[in-house]
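Colleague: Sequence plus predicted model, see below.
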Amino acid sequence: FIEVKPSLIKEAEDFYVAEFGDFEKPVVGLHMRGTDKFVTGKVDPMEYVTEANKFISAHKDAKIFLATDDANYLKLMKDSLYV
């Protein structure tokens, strides 16, 4: 197994609190592969929108953490989410 250095854990926790508030609020992370997805087909971006909006509807104070290399995906999510 991998042992994470305490300094990295602290850095991650500080980032989390700065971006999302306390640890009580629900956060979901999405990794939308875009420009580097070649070997297998891409997931339809609207599937991410649908599932993210379900999460937001179920958790009114939810936050979404989006990781993507595709500016079009970023715009789609900004334009389509209920937040």
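Modeller: The structure has been received and is ready for your questions.
Colleague: Assign residue 8 to helix, strand or coil.
Modeller: Taking DSSP: H, G, I helix; E, B strand; the rest coil as the rule, one finds residue 8 in the helix state.
Colleague: Now do it, the pLDDT please.
Modeller: Looking at residue 8, its pLDDT is 97.
Colleague: what's the answer for residue 24, then?
Modeller: Residue 24 carries a pLDDT value of 87.
Colleague: ok but it is inside a strand, no?
Modeller: No. Counting by three-state DSSP, residue 24 is not found in a strand; it is coil.
Colleague: Distance-wise, check it relative to residue 16.
Modeller: Separation of residue 24 from residue 16 (Cβ to Cβ, to the nearest Å) stands at 12 Å. (Each C-beta comes from the backbone N, C-alpha and C, glycine too.)
Colleague: So the two - more neighbours on which side?
Modeller: The residue with more neighbours, out of residue 24 and residue 16, is residue 16; 16 against 7, by other Cβ atoms under 10 Å.
Colleague: Give the other helices and strands that the strand or helix carrying the more buried one contacts.
Modeller: If you go by DSSP states H and E, residue 16 is part of helix 6-20. For helix 6-20, the packing partners by 3 or more Cβ pairs under 8 Å, 6 or more residues apart in numbering; DSSP states H and E come out as strand 63-68.
Colleague: Which neighbouring elements make contact with the strand it packs on?
Modeller: helix 6-20, strand 27-32, helix 45-58, helix 71-80.
Colleague: orientation of that strand relative to helix 45-58 in degrees?
Modeller: Counting by axes from the mean of the first three to the mean of the last three Cα atoms, to 10 degrees, strand 63-68 lies at 160 degrees to helix 45-58.
Colleague: what sits against the closest residue to residue 55 other than its chain neighbours?
Modeller: Nearest residue to residue 55 in three dimensions, chain neighbours excluded: residue 28, at 5.2 Å (Cβ to Cβ, 6 or more residues apart in numbering). By Cβ atoms under 8 Å, 6 or more residues apart in numbering, residue 28 lies in contact with 52, 55, 62-65.
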